[in-house]
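1. below is the structure, and that's it, no one-letter string:
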């Protein structure tokens, strides 16, 4: 996962694995299931959403 630190706006630019991207977007795929058990997908989505909402390094 790459986070852009330019200016004040920060965003997730891409994901290291297809499975992580699928989990982020709520897709149940083989890659997502290989990355993390389905019971943990919702919790991971919440954490990824928090990372995506960060606007400064202090927010982390």
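-> The structure has been received and is ready for your questions. This one's a predicted model, so the numbers in the text were calculated from it and none came from an experiment.
2. all contacts plus neighbour counts: C-alpha atoms, from now on.
-> Fine.
3. need the contact partners of the helix or strand hosting residue 44.
-> Using DSSP states H and E, the element containing residue 44 is helix 41-53. Helix 41-53 is contacted from outside by 10, 11, 12, 23, 24, 25, 26, 60, using C-alpha atoms under 8 Å, 6 or more residues apart in numbering.
4. so which bits of it are buried?
-> For helix 41-53, the buried set under the neighbour-count rule, 16 or more other C-alpha atoms under 10 Å, comprises 41, 44, 45, 48, 51.
5. repeat that for stretch 18-31.
-> Quick answer for stretch 18-31 (16+ other C-alpha under 10 Å): 19, 20, 21, 22, 23, 24, 31.
6. point out the least confident one among the contacts of helix 41-53.
-> Ranked by pLDDT, the contacts of helix 41-53 bottom out at residue 10 (62).
7. and residue 34, what does it touch?
-> Counting by C-alpha under 8 Å, 6+ apart, residue 34 has contacts residue 19.
8. coming back round to it: what about the helix holding residue 44, average pLDDT?
-> 93.
9. distance of the most centrally placed residue in the chain relative to residue 33?
-> Taking C-alpha atoms, centre = their mean, the centroid of the chain lies closest to residue 48, which sits 3.5 Å from it. Taking C-alpha to C-alpha, to the nearest Å as the criterion, residue 48 is separated from residue 33 by 16 Å.
10. cool, residue 54 as well?
-> Per C-alpha to C-alpha, residue 54 is found 26 Å from residue 33.
11. got the end-to-end distance for stretch 53-60?
-> Distance across stretch 53-60, first residue to last, is 10 Å (C-alpha to C-alpha).
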